[in-house]
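Undergrad: Quick one: sequence plus predicted model below, questions after.
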Amino acid sequence: MHKNILIIGATSAIAQATIRLYAEQNANLYLLGRNIKQLETIAADAKIRGANQALFAPLDVNQFESHEVALNEVFEKFTGVDTVLIAHGTLPDQSACEQSVAVTMQELNTNALSTISLLTLLANRLQAQQSGCLAVISSVAGDRGRQSNYVYGAAKGMVSIFLQGLRNRLMPHNVHVLDIKPGFVDTPMTAEFKKGALWAQPEQIAKSIINAIEKRKNTLYTPVFWAGIMFIIRNIPEVIFKRLKL
């Protein structure tokens, strides 16, 4: 039986790597994203790789009023959804956020509130069908606020707390909720950053995501060494942490 997989933010590098893996499993794919031309290319590639279906439609996640319409169309095509992966996001310019309330709010909308809007609608759908998985890419940045990216971190932290509540709510309804916390990933979004030993490729992250979904993990730090790094960072006393430049 073919899995029904919904990918939101399907044009992101991690999403594309995940799509390729699900295509090889002959899944039915429904791809949502802003760039319709790019979606068309990704869907065609998925079909070549073995996807049973590769449907796609445009969605601007910051147009909140369009969320329900888009999801209604998905559930009209698929009688049920086995897995939803929410993978959209931006990496804000922290300095620009510090100088502009409007920029800060835009980044919070994109990286937190749009995800929460989608999750609210999707949670009700999956609760009604009494099955499924909600997998969301947040970030290790959400574990503790740092001067270098605290707007982004605050957004991702908001998503993680929301996912904790959803997990608690949906557990009795056989709905799995996975919080995906990547560290540094080599993607177009991070093209200007100097790469080092801690950086991972999207394909590596995608494999870990599918494995975590299959194992019904609650939280995924990926690559796995980030679990140890963030354990240390979370437990540095604030009296020391506030003096660090991170």
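TA: Nice, I can see it.
Undergrad: So which residues make contact with stretch 198-213?
TA: Stretch 198-213 is contacted from outside by 13-14, 16-18, 20-22, 83, 85, 133, 135, 176, 178, 180, 182-187, 220, 222-225, using C-beta atoms under 8 Å, 6 or more residues apart in numbering. (Each C-beta comes from the backbone N, C-alpha and C, glycine too.)
Undergrad: can you confirm His88 is in a strand?
TA: No - His88 is assigned coil when assessed by DSSP: H, G, I helix; E, B strand; the rest coil, not a strand.
Undergrad: Identify each of the strands in this structure and give its residue range.
TA: Under the criterion DSSP state E, the chain contains strands at 4-8, 28-33, 53-58, 83-86, 133-137, 176-182, 219-222.
Undergrad: by contact count, what packs against the biggest helix by length in the chain?
TA: Ranked by number of residues, the top helix in the chain under DSSP state H is helix 150-170. The helices and strands touching helix 150-170, judged by 3 or more C-beta pairs under 8 Å, 6 or more residues apart in numbering; DSSP states H and E, are helix 94-99, helix 101-108, helix 114-129, strand 133-137, strand 176-182.
Undergrad: Which one, of those, ends up nearest to Arg243?
TA: helix 94-99 (18.5 Å; C-beta to C-beta).
Undergrad: Just the CA coordinates for that closest one, please, in CSV.
TA: The C-alpha trace of helix 94-99 is given here as CSV (Å, rounded to 0.1, in the frame of the first residue of the first chain):
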residue,chain,number,x,y,z
GLN,A,94,19.6,39.4,13.1
SER,A,95,21.0,42.9,12.8
ALA,A,96,18.1,43.9,10.5
CYS,A,97,15.6,42.4,13.0
GLU,A,98,17.2,44.5,15.8
GLN,A,99,16.5,47.7,13.9
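Undergrad: outside of that helix, which residues touch it?
TA: By C-beta under 8 Å, 6+ apart, the residues outside helix 94-99 that reach it are 103-104, 107, 147-152.
Undergrad: Leu71: which of those residues is nearest?
TA: Nearest to Leu71 among the contacts of helix 94-99 is Glu107, at 23.6 Å by C-beta to C-beta.
Undergrad: Need the pLDDT of the closest one.
TA: Note on Glu107: pLDDT of 97.
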